[in-house]
Structures are given as C-alpha cells and as structure tokens.
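Trainee: Sharing a model prediction with you, sequence too.
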Amino acid sequence: MSIRPSVLFACAALVASASLFAFARPEPAPTPVAGWEYLIVRGGVDIAASPKDQDAQVAGMQGTLNNLGNEGWELAAVQGQFAVLKRPR
C-alpha cells in the first residue's frame, strides 16, 4: 500500500500553513495596569480674615474642587489643610 505523493504534499502543505498561521498571529495587547492616580491640594480658610474674605476663600475652594470633580477626581482623605484626591488611571 503506497501513499500518493500528491496526498503527502497536501498534508505537508496543510501542516505548514497551520504552523505559519499559529506563529503569524499578532501578540495580544498588554492589559492596562489598574490603579489610582493621586493629587494633593492645599486649601483652608484664614480664620483671622474678615467674614467677607472667608466667603471669597470658600468660593475659590469650591470652584477648584468642582473643576477637579469634572476631571474625574474624587476626595480620598483630608489631612489638616491638605486634601488628597484620587481617580482611576
């Protein structure tokens, strides 16, 4: 019983094409590193200032925090006059 050369050639071509396909596939993209990005903001109200100046300082802090919130930052902690904000990377 002999195998025809055309059958052997077809099998070899099939194995070769499967091997080329397996090695020619692009490498999968690396998965992004999950985690947090942090920002420290200094704030505070000068209690020695007049009430009008204190109101202006509070309004300025609110504006800054609203802008940071629009950029995806959220409050993580408060330490004295420093606020720590975080957002996903």
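Mentor: It's in. Residues are numbered from 1 along each chain as shown.

Trainee: residues touching Glu74, list them.
Mentor: Glu74 is in contact with 85-87, counting by Cβ atoms under 8 Å, 6 or more residues apart in numbering. Where you see a C-beta, it was placed from the backbone N, CA and C, and this is true even at glycine.

Trainee: Could you pull out the helices in the chain for me?
Mentor: Secondary structure of the chain (DSSP state H): helices at 5-24, 51-70.

Trainee: what's the spacing between Asn67 and Ala76?
Mentor: Asn67 is 17 Å from Ala76, where distance means Cβ to Cβ, to the nearest Å.

Trainee: Which one's more surrounded, the two?
Mentor: When Asn67 and Ala76 are compared for neighbours, Ala76 comes out ahead with 14 against 10, by other Cβ atoms under 10 Å.

Trainee: Now do that one, the pLDDT please.
Mentor: We have a pLDDT of 93 for Ala76.

Trainee: List the contacts of it.
Mentor: Shown in contact with Ala76 (Cβ under 8 Å, 6+ apart): 38, 84-86.

Trainee: swap the cut-off to 6 Å and go again
Mentor: Counting by Cβ atoms under 6 Å, 6 or more residues apart in numbering, Ala76 makes contact with 84, 86.

Trainee: likewise Met61?
Mentor: Here Met61 is in contact with Gly43 (Cβ under 6 Å, 6+ apart).

Trainee: Please apply the same query to Glu37.
Mentor: So Glu37 contacts 87, 89 (Cβ under 6 Å, 6+ apart).

Trainee: again, but for the one 3 residues further on
Mentor: The contact partners of Ile40, taken as Cβ under 6 Å, 6+ apart, are 82, 84.
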